[in-house]
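Enquirer: Sequence below, structure please.
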Amino acid sequence: MTDAITIKNLTYSYPEQGGLFQDFSLSVKEGEWLAIVGHNGSGKSTLAKLILGLLDFEEGRIKVFDQVLSEQTLAAVRSTVGMVFQNPDNQFVGATVADDVAFGLENRQIPSLEMPAKIEKALKQVGMNAYADREPHTLSGGQKQRVAMASVLALEPKVIILDEATAMLDPEGKQAVLQNLKELKARYQDELTLIMITHDMEEAAMADRVAVIDDGKLIFDEKPETLFLKGERLRELGLTQPFAMALREQLGIQNPAYQTTQELVAWLSTLKA
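Expert: Below is the predicted model:
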């Protein structure tokens with residue numbers, strides 16, 4: 001399977017705070033869903049900015065598909081990778097939802113005759129096509145974030161990075177965005193690579209792999225069902241187990257396969273007294 005992103009021997013230091021990443025390596029396969037987790041300040045968001053070329057690293061190499069990130073390839077890399085930020089309000093520039101989705105297409109110089117179909121398709125993909133003429137400020141937090149996702153999807157990236165994309169949402173908005181992500185991944189499968197940066201381990205459980213970063217160091221890189229068995233070590237790293245996993249520990253359930261809260265409840269309901 002092709003690597004969508006390869007980070008090799010990366011070294012990066014904050015301008016005023018000193019070193020963060022030292023000889024750091026990580027790869028993401030094409031079509032994979034990777035969650036990157038860690039406590040606040042561990043380097044998660046900085047890594048995303050490095051991949052997009054928003055920050056300059058000192059040593060090492062970042063490769064996005066067949067493009068090695070450099071000043072010469074920066075535009076090509078950014079055409080391949082889309083990013084959804086924590087606060088959707090920071091991404092809105094249009095007077096209406098449709099105008100906002102059109103903004104990125106205009107920057108890519110997409111012919112105007114092609115734009116309406118692309119805008120409609122992107123909004124349908126996130127369930128927001130009925131809101132095309134609405135002003136962004138009238139939307140709920142979850143709706144705004146889905147519009148931000150539509151703006152990225154309209155550009156047809158191969159990789160989408162979500163940087164704490166649900167952190168500011170209420171539970172309903174968060175669930176709507178996460179459900180939308182699952183549907184997108186199911187629809188595009190190997191054509192779409194997702195990188196979810198989060199501190200929420202329930203979100204991380206949705207991924208194929210979870211990378212745990214602590215102060216710029218890669219501590220774990222494995223499947224969620226094995227990672228979440230390391231409850232004590234995760235707590236030492238300032239992280240928590242998903243609720244279902246913590247509950248299973250307290251109940252003494254030995255089944256090693258990871259289960260969501262809904263799956264665990266369903267499984268418990270099958271047990272005989």
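Enquirer: low pLDDT regions in the stretch 1-150 of the chain?
Expert: 17-18 (pLDDT under 70).
Enquirer: where exactly do the strands run in it?
Expert: In the stretch 1-150 of the chain, strands defined by DSSP state E, counting those that start in this stretch lie at 3-14, 18-29, 33-37, 59-64, 67-68, 81-84, listed in chain order.
Enquirer: from memory Ala207 sits against Val37, does it?
Expert: No - the pair Ala207 and Val37 fails to qualify as a contact (C-beta atoms under 8 Å) at a distance of 9.3 Å. Where you see a C-beta, it was placed from the backbone N, CA and C, and this is true even at glycine.
Enquirer: middle-most residue in this protein, spatially?
Expert: Met196 (2.2 Å; C-alpha atoms, centre = their mean).
Enquirer: Could you pull out the helices in this protein for me?
Expert: Listed in chain order, the helices of the chain (DSSP state H) span 44-51, 74-80, 97-107, 115-125, 141-153, 171-188, 201-204, 224-227, 231-236, 243-251, 261-269.
Enquirer: who are the neighbours in contact with Phe57?
Expert: For Phe57, the contact set (C-beta atoms under 8 Å, 6 or more residues apart in numbering) comprises 10-12, 21, 50.
Enquirer: ditto for Asp190
Expert: Asp190 neighbours (C-beta under 8 Å, 6+ apart): 30-31.
Enquirer: Over to the one 3 residues further on?
Expert: With contact set as C-beta under 8 Å, 6+ apart, Thr193 has these partners: 4-5, 28-34, 158-160.
Enquirer: Ala148 too?
Expert: With contact set as C-beta under 8 Å, 6+ apart, Ala148 has these partners: 84-85, 88, 91-92, 165.
Enquirer: Widest-spaced pair of the residues you listed?
Expert: With C-beta to C-beta as the measure, no two of the contacts of Ala148 lie farther apart than Phe92 and Ala165, at 14.5 Å.
Enquirer: Look at these two and report which has more neighbours.
Expert: Under the neighbour definition other C-beta atoms under 10 Å, Phe92 and Ala165 were set side by side, and Ala165 has more, 26 against 20.
Enquirer: State the distance from that one to Glu120.
Expert: 23 Å (C-beta to C-beta, to the nearest Å).
Enquirer: Gly53 touches Gln67, doesn't it?
Expert: No - assessed by C-beta under 8 Å, Gly53 is found out of contact with Gln67, at 10.7 Å.
Enquirer: got the contacts of Ala148 as a markdown table, with distance to Gly173 columns?
Expert: Listed next are those as a markdown table, based on distance: C-beta to C-beta, whole Å:
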| residue | distance to Gly173 |
| --- | --- |
| Val84 | 14 |
| Phe85 | 15 |
| Pro88 | 10 |
| Gln91 | 16 |
| Phe92 | 16 |
| Ala165 | 11 |
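Enquirer: between these, which is nearest Glu16?
Expert: Distances from Glu16 to those, taken by C-beta to C-beta, are shortest for Phe85, at 23.1 Å.
Enquirer: In this structure the closest one contacts Gln91, no?
Expert: Yes - using C-beta under 8 Å, Phe85 is in contact with Gln91, at 6.1 Å.
Enquirer: Format the strands of the stretch 1-150 of the chain as TSV; extra columns: distance to Ala176 and mean neighbour count.
Expert: Shown next, in TSV, are those (distance: least, C-beta to C-beta, whole Å; neighbours: other C-beta atoms under 10 Å):
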stretch	distance to Ala176	mean neighbour count
strand 3-14	26	18
strand 18-29	25	17
strand 33-37	18	24
strand 59-64	29	18
strand 67-68	34	14
strand 81-84	14	23
